[in-house]
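Q: the sequence and its predicted three-dimensional model are supplied below.
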Amino acid sequence: MALIQEDEGFNWDKYIPREKVLVAEVDNRWQRDFARHEIIKFYDHFEEAQIANRWDAERDCFLDPQGNPMVDPKKVDFNAATAVFPTYQTFYTRRSLERYYEANLYKHLNEVFYASLPKVMDLKKKKEEDVEKLVEEMKKTARKADENQQKTMKIRSRRRQKKLRCQMKLR
């Protein structure tokens with residue numbers, strides 16, 4: 001069995017400089033390693049929750065001591081976690097320049113991790129929908145209250161005008 005490479009002897013340096021290829025490989029490796037490191041952090045906490053038998057049937061997951069859902073590290077989408085991280089240079093540059101950059105990055109990373117818990121995500125969506133419904137109801141109530149207040153003000157102003165007219169006629 002012979003292996004034939006069609007680009008054998010072709011010089012790719014004209015199209016992709018070697019330096020850019022090396023930098024891209026280093027950046028991708030750094031992103032994968034960083035994502036892997038963050039996922040490994042979950043193993044200790046997850047195993048602790050399993051040993052303590054803190055299972056929540058409603059959310060279909062284990063809980064940490066504070067009652068927050070724990071992510072099974074085996075179910076985390078590694079490619080999605082890797083995609084959250086920027087390149088090595090971008091990460092360290094923005095981390096030094098922006099005060100809340102790292103906190104926001106970890107917030108996005110946690111969203112990716114918790115996306116592997118479907119029931120938790122469904123409950124969050126339901127809560128968000130409930131909050132949106134409550135906001136809409138409050139807006140409607142506020143509109144009705146404003147309309148009632150305006151009607152009351154119109155009625156009062158009409159009554160005052162009638163009183164003034166009557167007083168003017170009596171004089």
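A: Perfect, thanks for sending it.

Q: show me where this protein has helices.
A: Taking DSSP state H as the criterion, the chain carries its helices at 18-51, 78-84, 88-97, 101-114, 118-170.

Q: which one of those lies nearest to residue 71?
A: helix 101-114 (4.6 Å; CB to CB). Bear in mind the C-beta positions are built from the backbone N, C-alpha and C, glycine included.

Q: what angle do helix 88-97 and that closest one make with each other?
A: If you take axes from the mean of the first three to the mean of the last three CA atoms, to 10 degrees, helix 101-114 sits at 120 degrees to helix 88-97.

Q: so which bits of helix 101-114 are buried?
A: Of the residues in helix 101-114, 101, 105, 109, 112, 113, 114 count as buried by neighbour count, 16 or more other CB atoms under 10 Å.

Q: farthest pair within those?
A: So, these by CB to CB: farthest apart are 101 and 114, at 20.7 Å.

Q: domain parsing for the chain?
A: Dividing the chain into domains by automatic domain parsing, as the record does, gives the ranges 12-116, 118-171.

Q: from the ones you listed, which stretch is densest packed?
A: Among the domains of the chain, domain 12-116 has the highest mean neighbour count (mean count of other CB atoms under 10 Å), at a mean of 14.

Q: circling back: for the buried residues of helix 101-114, which one is nearest residue 87?
A: Once CB to CB is applied, the member of the buried residues of helix 101-114 that ends up nearest residue 87 is residue 105, at 12.7 Å.
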